[in-house]
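[1] With the input below, show me the fold.
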Amino acid sequence: MRHSARLLASAAALLLAGSTGFAADIIGEPAVNYCRTVGTSDLVLTDNMVELKDHVVKLMDESVAVANSPEWINSSRPAFVWASEAKVACGMAYGYLKTNYKDEDTLNKCECFHDRMVEYMH
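    Here you go, the predicted structure:
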(Lines give C-alpha, C1' and ligand atoms only; values in the text may rest on other atoms or scores of the structure.)
Protein backbone atom coordinates (compact mmCIF):
# COMPACT_ATOMS: atom_id res chain seq x y z
CA MET A 1 0.00 0.00 0.00
CA ARG A 2 2.78 2.41 0.92
CA HIS A 3 4.54 1.70 -2.42
CA SER A 4 1.32 2.46 -4.36
CA ALA A 5 0.87 5.74 -2.52
CA ARG A 6 4.45 6.80 -3.34
CA LEU A 7 3.97 5.87 -6.99
CA LEU A 8 0.77 7.87 -7.17
CA ALA A 9 2.41 10.88 -5.50
CA SER A 10 5.38 10.67 -7.89
CA ALA A 11 3.13 10.45 -10.92
CA ALA A 12 1.10 13.44 -9.75
CA ALA A 13 4.27 15.47 -9.15
CA LEU A 14 5.56 14.63 -12.64
CA LEU A 15 2.27 15.62 -14.22
CA LEU A 16 2.19 18.92 -12.37
CA ALA A 17 5.83 19.72 -13.11
CA GLY A 18 5.51 18.83 -16.79
CA SER A 19 2.44 20.94 -17.38
CA THR A 20 3.67 24.22 -15.90
CA GLY A 21 2.58 27.05 -18.17
CA PHE A 22 0.39 24.86 -20.35
CA ALA A 23 -2.50 24.04 -18.04
CA ALA A 24 -5.10 23.67 -20.79
CA ASP A 25 -2.81 22.03 -23.34
CA ILE A 26 -2.39 18.33 -23.86
CA ILE A 27 1.17 17.00 -23.65
CA GLY A 28 2.53 20.39 -22.67
CA GLU A 29 2.60 21.83 -26.19
CA PRO A 30 1.60 25.45 -26.87
CA ALA A 31 -1.85 26.02 -28.33
CA VAL A 32 -2.15 25.54 -32.09
CA ASN A 33 -2.68 28.64 -34.18
CA TYR A 34 -5.49 27.80 -36.60
CA CYS A 35 -4.89 30.69 -38.96
CA ARG A 36 -1.87 30.82 -41.21
CA THR A 37 -1.38 34.53 -40.71
CA VAL A 38 -1.18 35.67 -37.16
CA GLY A 39 -2.39 39.17 -36.56
CA THR A 40 -4.85 41.46 -38.21
CA SER A 41 -7.11 40.11 -40.95
CA ASP A 42 -7.87 41.89 -44.21
CA LEU A 43 -11.39 42.52 -42.89
CA VAL A 44 -10.07 44.61 -40.00
CA LEU A 45 -7.96 46.66 -42.40
CA THR A 46 -10.98 47.56 -44.54
CA ASP A 47 -12.02 51.15 -43.85
CA ASN A 48 -15.12 51.32 -46.07
CA MET A 49 -17.98 50.15 -43.80
CA VAL A 50 -20.36 49.38 -46.68
CA GLU A 51 -17.73 47.24 -48.40
CA LEU A 52 -16.84 45.58 -45.08
CA LYS A 53 -20.47 44.71 -44.31
CA ASP A 54 -20.95 43.29 -47.82
CA HIS A 55 -17.85 41.13 -47.51
CA VAL A 56 -18.78 39.83 -44.06
CA VAL A 57 -22.29 38.97 -45.30
CA LYS A 58 -20.74 37.13 -48.28
CA LEU A 59 -18.50 35.07 -45.98
CA MET A 60 -21.42 34.39 -43.65
CA ASP A 61 -23.72 33.30 -46.51
CA GLU A 62 -21.06 30.94 -47.88
CA SER A 63 -20.52 29.48 -44.42
CA VAL A 64 -24.25 28.99 -43.85
CA ALA A 65 -24.55 27.22 -47.21
CA VAL A 66 -21.75 24.79 -46.32
CA ALA A 67 -23.09 24.24 -42.79
CA ASN A 68 -26.52 23.34 -44.25
CA SER A 69 -25.18 21.14 -47.06
CA PRO A 70 -25.65 17.36 -46.62
CA GLU A 71 -22.47 16.91 -48.66
CA TRP A 72 -20.41 18.59 -45.95
CA ILE A 73 -22.52 17.51 -42.97
CA ASN A 74 -21.85 13.88 -43.91
CA SER A 75 -18.25 14.39 -44.99
CA SER A 76 -15.31 13.05 -43.01
CA ARG A 77 -13.47 16.33 -43.64
CA PRO A 78 -13.95 19.10 -41.05
CA ALA A 79 -15.36 21.69 -43.50
CA PHE A 80 -18.75 21.50 -41.72
CA VAL A 81 -17.16 22.25 -38.34
CA TRP A 82 -15.31 25.30 -39.68
CA ALA A 83 -18.43 26.43 -41.57
CA SER A 84 -20.39 26.30 -38.33
CA GLU A 85 -17.72 28.32 -36.53
CA ALA A 86 -17.47 30.82 -39.40
CA LYS A 87 -21.21 31.43 -39.61
CA VAL A 88 -21.32 32.25 -35.90
CA ALA A 89 -18.22 34.48 -35.97
CA CYS A 90 -19.33 36.26 -39.15
CA GLY A 91 -22.84 36.70 -37.75
CA MET A 92 -21.42 38.29 -34.62
CA ALA A 93 -19.11 40.51 -36.67
CA TYR A 94 -22.06 41.60 -38.82
CA GLY A 95 -24.10 42.36 -35.72
CA TYR A 96 -21.38 44.70 -34.51
CA LEU A 97 -21.05 46.25 -37.98
CA LYS A 98 -24.76 47.07 -38.04
CA THR A 99 -24.03 49.49 -35.20
CA ASN A 100 -20.97 50.78 -37.10
CA TYR A 101 -18.58 49.13 -34.64
CA LYS A 102 -15.63 47.12 -36.00
CA ASP A 103 -14.98 44.35 -33.49
CA GLU A 104 -11.50 43.16 -34.42
CA ASP A 105 -11.76 39.81 -32.62
CA THR A 106 -14.93 38.69 -34.41
CA LEU A 107 -13.69 40.01 -37.77
CA ASN A 108 -10.42 38.09 -37.38
CA LYS A 109 -12.31 34.93 -36.42
CA CYS A 110 -14.78 35.33 -39.28
CA GLU A 111 -12.02 35.49 -41.86
CA CYS A 112 -9.90 32.81 -40.20
CA PHE A 113 -12.70 30.27 -39.80
CA HIS A 114 -14.00 30.90 -43.33
CA ASP A 115 -10.49 30.37 -44.71
CA ARG A 116 -10.19 27.10 -42.78
CA MET A 117 -13.57 25.98 -44.13
CA VAL A 118 -12.50 26.66 -47.72
CA GLU A 119 -9.17 24.92 -47.12
CA TYR A 120 -10.93 21.70 -46.07
CA MET A 121 -13.33 21.86 -49.01
CA HIS A 122 -10.50 21.57 -51.54
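[2] Helix or strand next in line after the helix or strand of the chain with the lowest mean pLDDT, which one?
    Across the helices and strands of the chain, mean pLDDT, DSSP states H and E gives its lowest value to helix 2-18, namely a mean of 43. Next in sequence after helix 2-18, counting helices and strands by DSSP states H and E, comes helix 42-45.
[3] got the buried residues for that next one?
    Buried residues in helix 42-45, defined by neighbour count with 16 or more other C-beta atoms under 10 Å: 43-44. The way it works is simple: take the backbone N, C-alpha and C, and place the C-beta from them, glycine included.
[4] Which secondary structure elements does it sit against?
    helix 49-67, helix 104-121 (3 or more C-beta pairs under 8 Å, 6 or more residues apart in numbering; DSSP states H and E).
[5] Go through the ones you listed and find the least confident stretch.
    Mean pLDDT per stretch puts helix 104-121 lowest among the helices and strands packed on helix 42-45, at a mean of 94.
[6] Can you tell me which of the helices and strands packed on helix 42-45 is most buried?
    helix 104-121 (a mean of 21; mean count of other C-beta atoms under 10 Å).
[7] what sits up against that helix?
    Helix 104-121 is contacted from outside by 34-36, 40-44, 56, 59-60, 62-63, 66, 72, 77-79, 82-83, 85-86, 89-90, 92-93, 96, using C-beta atoms under 8 Å, 6 or more residues apart in numbering.
[8] Same question for stretch 76-95.
    For stretch 76-95, the external contacting residues (C-beta under 8 Å, 6+ apart) are 43, 53, 56-57, 59-60, 63-64, 66-67, 69, 72-73, 103, 106-107, 109-110, 112-114, 116-117, 119-121.
[9] That concludes my questions; thank you for your assistance.
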